[in-house]
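S.K.: Predicted model, plus sequence, below.
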Amino acid sequence: MIDVRLEHVRPFVEDETRTNDLKTRLKEAKKALQEKKGPGSAFTGWVDLPARTRQELDRIRVLAARHREMSDVLLVIGIGGSYLGARAALEALDAYFPHDDEPEVIFAGHNISGEYLEDLRDYLSDKRFSINVISKSGTTTEPAIAFRFFKRLLEERFGADEAKERIVATTDASKGALRTLADKEGYETFVIPDDVGGRYSFLTPVGLFPVAFKGHDIESMLDGAENARERYFTDSEGMNPLDAYVMYRNALYESGKKIELFVHYEPKFRHLSEWWKQLFGESEGKDGKGLFVASASFTTDLHSLGQYIQDGERHLFATVFSVKEPRRVSVIREEKNDSDNLNYLAGTTVDTVNKKAMEGTLIAHESGNVPSIVIETDKMDAYTFGHVIYFFELACALSGYVLGVNPFDQPGVEAYKRNMFALLGKKGFEDRAEELAKRMKKTR
């Protein structure tokens, strides 16, 4: 299902002592995760989600079908792990340009842009739509603003009673502002498990309900994830693909590489890279440790970042995600007037050109002292997507343990929030507001 190619990274990791040490630490990390004895073990419920979520499959599918009948658009309101997984799945599995009769999923609550909200309101003005609001607390600023905005629009369009029928809340089981509102108004709800953090939550209704609304096979996604769990959790002779990825990315980090660049050669994996960045960035970046994770879309970004990657500071490596079989094949035709000198490619598929660009780039980067780990799948379908999600979640958790951090908390993300609340005059942040005012006056 997933293969990890190492020929473009092995020349950079030759220290046998380091690799043996990493093998030992990886084995210990896997044992700690399996036995739920590592840091943050209270948030390792995602490990068993492929089996746990099956209990909700029928309800997810039934409710998705009901909303698909009443609405042309599902507006998913959430930020971070509350929307990135679903957006990545739909982008990876859908056609680039949808047909007019297809149900549509649109996302809001992942930014603080008044222009975005107003333009989206205009877009929804003549459409039947439902809302899936996703928030553990219901008070996260970005989705809370968006939900307030579009809940009012629903009520104006359909009346208060019908608006309630068009809202699905994915939230905490028993507490929080959104749970309180959902119980009061009678919204349909899904529960975000207490032992699953947001960035590990795709295989819950957080990710699966929007994907089911679009009509994709969510059971196959769980099958793919279950296959990954069985394949990568078991110890085997030598390294399985996940072990190899974890070991080599950590070996590169310990040898002085500080940036991991997630590269894809198909634009439809843009939000898979965004999901991956949150997963690894929020899980590993703490205690003064961790790779800085970034992403690039090749070949497009080879015309902007390519020069730096090839000849700039030698502090990064690439993790290249590649799918062998494209969903559709396009063939380059011969032209009588060969003014663009492309007739030598006549009869060649565009995907072949793309793959040769990838191989040429891998060789060039290796020559320029930029290691590359290549992660390949045969194709991209619902089963494979579920497998890929679990692969990276498990790789991230194990990498965190190998690194020596808790991969399931995110203490650093609260700093900007406290400042923002203070600057906005939120009650309870008066002391912080006074401190910031003095600081800004002194700075200016």
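M.R.: The structure has been received and is ready for your questions. Numbers count the residues shown, from 1 in each chain.
S.K.: those strands in the stretch 151-300 of the chain, which residues are they?
M.R.: 167-171, 188-191, 259-264, 292-297 (DSSP state E, counting those that start in this stretch).
S.K.: Now render the ones you listed as a markdown table, adding mean neighbour count and mean pLDDT.
M.R.: Glycine gets a C-beta too; all of them are placed from N, C-alpha and C. Shown next, in a markdown table, are these (neighbours: other Cβ atoms under 10 Å; pLDDT from 0 to 100):
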| stretch | mean neighbour count | mean pLDDT |
| --- | --- | --- |
| strand 167-171 | 25 | 97 |
| strand 188-191 | 18 | 96 |
| strand 259-264 | 22 | 98 |
| strand 292-297 | 18 | 97 |
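S.K.: Out of the ones you listed, the one nearest Pro210 is which?
M.R.: Shortest distance between Pro210 and those, using Cβ to Cβ, is found for strand 167-171: 9.5 Å.
S.K.: Give the pairing partners of that closest one; include direction for each.
M.R.: strand 129-134 (parallel), strand 188-191 (parallel) (DSSP bridges).
S.K.: how near is the nearest residue to Ala169 once chain neighbours are set aside to Thr189?
M.R.: For Ala169, ignoring the flanking residues on the chain, the nearest one in space by Cβ to Cβ, 6 or more residues apart in numbering is Ala182 at 4.1 Å. According to Cβ to Cβ, to the nearest Å, Ala182 stands 5 Å off from Thr189.
S.K.: where do the contact lists of those two overlap?
M.R.: 169, 171 (Cβ atoms under 8 Å, 6 or more residues apart in numbering).
S.K.: Now do the strand ranked longest in the chain: which elements does it pack against?
M.R.: In the chain, with assignment by DSSP state E, the single longest strand is strand 316-323. Applying 3 or more Cβ pairs under 8 Å, 6 or more residues apart in numbering; DSSP states H and E, one finds that strand 316-323 makes contact with helix 241-254, strand 259-264, helix 350-367, strand 372-377.
S.K.: Show me which residues of stretch 169-185 are buried.
M.R.: Using 16 or more other Cβ atoms under 10 Å as the test for burial, stretch 169-185 gives 169-172, 176, 178-179, 181-182.
S.K.: As PDB, could you dump the C-alpha coordinates of it?
M.R.: Extracted in PDB, the C-alpha atoms of stretch 169-185 (Å, rounded to 0.1, in the frame of the first residue of the first chain):
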ATOM      1  CA  ALA A 169     -22.800  20.000  15.800                       C
ATOM      2  CA  THR A 170     -19.700  17.800  16.300                       C
ATOM      3  CA  THR A 171     -18.500  18.600  19.800                       C
ATOM      4  CA  ASP A 172     -17.800  17.400  23.300                       C
ATOM      5  CA  ALA A 173     -20.000  14.700  24.800                       C
ATOM      6  CA  SER A 174     -21.100  16.600  27.900                       C
ATOM      7  CA  LYS A 175     -19.500  20.100  28.300                       C
ATOM      8  CA  GLY A 176     -18.700  23.300  26.500                       C
ATOM      9  CA  ALA A 177     -20.600  26.200  24.900                       C
ATOM     10  CA  LEU A 178     -21.500  24.300  21.700                       C
ATOM     11  CA  ARG A 179     -22.700  21.200  23.600                       C
ATOM     12  CA  THR A 180     -24.900  23.400  25.800                       C
ATOM     13  CA  LEU A 181     -26.400  25.200  22.700                       C
ATOM     14  CA  ALA A 182     -26.800  21.900  20.800                       C
ATOM     15  CA  ASP A 183     -28.800  20.400  23.700                       C
ATOM     16  CA  LYS A 184     -30.900  23.500  24.100                       C
ATOM     17  CA  GLU A 185     -31.700  23.900  20.400                       C
END
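S.K.: residues making contact with it?
M.R.: Under the contact criterion Cβ under 8 Å, 6+ apart, stretch 169-185 has outside partners 78, 82, 132-139, 144, 164, 167, 187-194, 205-206, 209.
S.K.: Next, the buried residues of stretch 266-274.
M.R.: 266, 268-274.
S.K.: Sorry, wrong one. I was asking about stretch 66-86.
M.R.: Here stretch 66-86 shows 67-68, 71-86 as buried, counting by 16+ other Cβ under 10 Å.
S.K.: Can you flag which of those residues belong to helices?
M.R.: 67-68, 84-86 (DSSP state H).
S.K.: which of the residues you listed sit farthest apart?
M.R.: Every pair of those checked by Cβ to Cβ; the farthest is Arg68 and Leu84, at 22.3 Å.
S.K.: is the residue nearest to Glu104 when sequence neighbours are not counted in a bridge, and if so with what?
M.R.: Spatially, and ignoring its direct neighbours in sequence, Glu104 is nearest to Val73 (4.7 Å; Cβ to Cβ, 6+ apart). In this structure, Val73 bridges to Glu104, Phe129 when assessed by DSSP bridges.
S.K.: got the contact list for Val73?
M.R.: Contacts of Val73 (Cβ under 8 Å, 6+ apart): 103-106, 124, 127-130.
S.K.: Could you tell me how many residues sit around Gly40?
M.R.: The tally of other residues near Gly40 (other Cβ atoms under 10 Å) stands at 18.
S.K.: elements contacting the helix or strand harbouring Leu90?
M.R.: For Leu90, the host element (DSSP states H and E) is helix 84-93. Packing partners of helix 84-93 (3+ Cβ pairs under 8 Å, 6+ apart): strand 104-108, helix 205-213, helix 270-284, helix 382-403.
S.K.: Quick check, central residue of the chain?
M.R.: Centroid-nearest residue in the chain: Trp275, 1.6 Å away (criterion: Cα atoms, centre = their mean).
S.K.: Check whether it really touches Ser82, as I assumed.
M.R.: No: look at Trp275 against Ser82 with Cβ atoms under 8 Å: they stay out of range, at 11.3 Å.
S.K.: pLDDT at the residue of the chain most remote from its centre, what is it?
M.R.: Distance from the C-alpha centroid of the chain peaks at Lys336, with 45.6 Å (Cα atoms, centre = their mean). At Lys336, the model reports a pLDDT of 92.
S.K.: one step back: check the offset of the longest strand of the chain from the chain's centre.
M.R.: Distance, stretch centre to chain centre, for strand 316-323: 15 Å (Cα atoms, centre = their mean, to the nearest Å).
S.K.: Neighbouring strands - and their directions - for that strand?
M.R.: If you go by DSSP bridges, strand 316-323 pairs up with strand 259-264 (parallel), strand 372-377 (parallel).
S.K.: Dihedrals phi and psi, Leu305?
M.R.: With angles defined as degrees, to the nearest 10, Leu305 sits at phi -80, psi -20.
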